[in-house]
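**Q** okay, sequence plus prediction incoming.
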There are 2 protein chains.
Amino acid sequence: MAFANKMLNNDLSLWNCLEQSELRISMKKATLYDVAEKAKVSPKTVSRVINKESSVREKTRAAVLAAIETLNYHPNSYARSLRNSRAYVIALLYDSRSPVYVLDLQIGIISVCESEGFNILIQPYDIASETLTDDIDDWLERTRIDGLIISPPLTDHVGLLQVLKERNIQFVRISPIDKSDISPYVYSNDRAAAKAMTEHLIALGHEAIGFITGHPEHNGAIERLKGYKDALSAANIPLDDNLIKQGDFSFESGEICARELLNQAVPPSAIFASNDNMAAATMKVARQKGLVLPDELSIAGFDDSRISRQLWPPLTTVQQPIKELAARSTELLINRVLNRAVEKTNKVFDCKVITRESTSVNTKKS
Amino acid sequence: MAFANKMLNNDLSLWNCLEQSELRISMKKATLYDVAEKAKVSPKTVSRVINKESSVREKTRAAVLAAIETLNYHPNSYARSLRNSRAYVIALLYDSRSPVYVLDLQIGIISVCESEGFNILIQPYDIASETLTDDIDDWLERTRIDGLIISPPLTDHVGLLQVLKERNIQFVRISPIDKSDISPYVYSNDRAAAKAMTEHLIALGHEAIGFITGHPEHNGAIERLKGYKDALSAANIPLDDNLIKQGDFSFESGEICARELLNQAVPPSAIFASNDNMAAATMKVARQKGLVLPDELSIAGFDDSRISRQLWPPLTTVQQPIKELAARSTELLINRVLNRAVEKTNKVFDCKVITRESTSVNTKKS
DNA sequence: ATAACAAATGACATCGATGTCAATAATATT
DNA sequence: AATATTATTGACATCGATGTCATTTGTTAT
């Protein structure tokens, strides 16, 4: 069916425009029985065709498919779920306080769910909440879902994992710290990316490179710090603990860390923050101190979030394959849920360094 | 049940830790019949209690409730949906290209859904897509939902509204342009807020105030422009068309508009952008041109989005009651769906001007 | 052509909650 | 106290799809 796709004009004839057709109002949705009748087979056979069971003669199958087509039949998911106790629903658990990735995660998940006929429930929780474990337990008691996708930093919450284990619920984790076989997982190569970024800064002539870490319960944060150290040691630059400050991915923590770094007697000529948020905070602090960017301070971030393109100078950062991670984890989960052949591989995805104007040659260097 | 809520320690005894208990694995969920048996009544009576029907003796009700409690019974939503063809699911339609509000909308909706026992499906669409109408039509054909919440700029898409009308689906709209009775709606008082913001700038001594409009299909955009004009005319400042530039809420459009405004022979001393995104773009352009902020240019935004606090100087902006709008629209929708007494009022919520450092006294003024 | 077997199909019960309508218990009426 | 009336309760069928198992059809071997 093709509908007028024009947008609203200035004069609002909207209501009238909508009065025109009321065709479909009383049209009931076709059921399995309608299809069976039309195709002159039993309901069970229709069911067989829908579920792609073998042992249906090609001719019958064709007849059934034709009937389905003409009646525009779509299975009633409630009846189906009631019968075989499968919900065709998965849920995304995320931490409500770090919404940075969430929209991208959702997009990646939706794309796969769509093609697999699944629906997605979104479920924000606060990892700092005292009642998190109980809340999730209650929620699982009430809700019927086939599986969960868990995003950082919830991936390694012991209480949560325990509940899932007890309830025997399938789940996959995105970038978990713990890489054991508790569940399938996917992750991005944060360590290599952080190393590459640090090397980029070193190549620009920076040696005193400040580093602001992320949330210590977040796998990405841990890996990024490792990558930073990797690059330094590969370039034979001694590690200086005064150049490493513990943040938690929040803007506020970034401000504090940046201030500490820049207030030192010999401040670093470059700062690499573990996410764009803290990099933006660093930029704010630098500006407050009157530094000219990027000449007097190079700043690098991680995430390639929206903000990285909206700052001036635009932020050199790392693009993470968030949608891919989400899509892949969804595939893994759905394959599990449907008892399809299970791939063993826990997938790794590569990140990409995006060079923009916030990093430049070290002018302080002799 | 209370679980250990501690986070993962350094040494990973996670797997072992989880081995401990496997209590609940085989525990089947209780059904209506289990409850009926336990309470020594018929299943139908249990159903009556659950659905809060009248004409159940207080004593029986108590017995049933006790049984429900001890068995930890939760109704099977699939059976229920199958029987009374109600999904207990609503969907949020939003434009995938303007994700700014989306997370806040989701939070507001989830909060209400939770208490009402509804679930929410999220459904991103691209309003510029040629196939939008057909896509949504197909989706509605496949999916069983009780109602829709439509967020801008989808609220006034004629094709979409037509489909909903034909299918006779309940929906509410958030900040629609069209305020007719097609559906219930909620909206925020953008006009008054934009007026207040403009007055704030005027009070700081600004007269040449640039304005960057938002997406022309977005009600908020239209209202904000009206508010700007209201304030000027109230202050007897003549309207200068050269000071009004047509943006579309995107960062890029903000850059273009800001450049046009600032390249004029006599540039404005303040710029009021219709959202924070474009205000950030304005800040970027101003900085590229070497302007000192806020002394040489005051900048105001709209949304109080995350970015407004992450820029330097922090952005003076307008806080919108997005969560409230979402929560209220959800209530309206669920009341409709459940055939509860329908409130007639389409709710208005007030915005709030947040003054930060990006606006200051006009120094150019004689 | 017929028995023996496998493949394809169908009849029926079932998942769990609720609408319909009949049966029973409680209360009001005389 | 007996009957009329109303308030509670229960028996049964139903929503739509699918598992189980019996039946029919088709195929192969003799």
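**A** Good, I have the coordinates.
**Q** and the residue of chain A nearest DNA strand D?
**A** In chain A, the residue that lies nearest DNA strand D is residue A:32 (2.7 Å; Cβ to the nearest atom of the strand). All C-beta spots, glycine's among them, are computed from the backbone N, C-alpha and C.
**Q** list the contacts for that residue?
**A** Shown in contact with residue A:32 (Cβ atoms under 8 Å, 6 or more residues apart in numbering or on different chains): A:43, A:46-47, A:73, A:75.
**Q** burial count for the residue lying closest to residue A:317 once chain neighbours are set aside?
**A** Once flanking residues are discounted, residue A:317 sits nearest to residue A:301: 4.1 Å by Cβ to Cβ, 6 or more residues apart in numbering or on different chains. The tally of other residues near residue A:301 (other Cβ atoms under 10 Å in any protein chain shown) stands at 33.
**Q** okay, residue A:301 and residue A:193: tell me how far apart.
**A** Relative to residue A:193, residue A:301 is positioned 12 Å away (Cβ to Cβ, to the nearest Å).
**Q** over to residue A:121: give its phi and psi.
**A** Here is the backbone geometry of residue A:121 (degrees, to the nearest 10): phi -110, psi 140.
**Q** per-residue confidence for the nearest residue to it once chain neighbours are set aside?
**A** Leaving aside its sequence neighbours, residue A:121 sits nearest to residue A:91 (Cβ to Cβ, 6+ apart; 4.2 Å). At residue A:91, the pLDDT value in this model is 95.
**Q** beta partners of residue A:91?
**A** residue A:121, residue A:148 (DSSP bridges).
**Q** which stretches of the stretch 201-350 of chain A form helices?
**A** For the stretch 201-350 of chain A, the helices defined by DSSP state H, counting those that start in this stretch cover A:219-234, A:251-262, A:276-288, A:322-337.
**Q** make CSV out of the ones you listed and add distance to DNA strand D, mean neighbour count and mean pLDDT.
**A** Listed next are the helices of the stretch 201-350 of chain A as CSV, based on distance: least, Cβ to the nearest atom of the strand, whole Å; neighbours: other Cβ atoms under 10 Å in any protein chain shown; pLDDT from 0 to 100:
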stretch, distance to DNA strand D, mean neighbour count, mean pLDDT
helix A:219-234, 38, 21, 95
helix A:251-262, 49, 21, 95
helix A:276-288, 45, 26, 93
helix A:322-337, 14, 22, 93
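**Q** tell me the spatial nearest neighbour of residue A:281, not counting adjacent residues.
**A** residue A:254 (3.0 Å).
**Q** OK, contacts around that neighbour?
**A** Here residue A:254 is in contact with A:212, A:247, A:273, A:277-282 (Cβ under 8 Å, 6+ apart).
**Q** and these, which is closest to DNA strand C?
**A** Looking across these and measuring by Cβ to the nearest atom of the strand, the closest to DNA strand C is residue A:277, at 45.1 Å.
**Q** center of chain A, which residue is that?
**A** Geometric centre of chain A, nearest residue: residue A:105, 2.6 Å, by Cα atoms, centre = their mean.
**Q** surely it and residue A:93 touch.
**A** No. Contact status for residue A:105 versus residue A:93: not in contact, 10.4 Å apart, counting by Cβ atoms under 8 Å.
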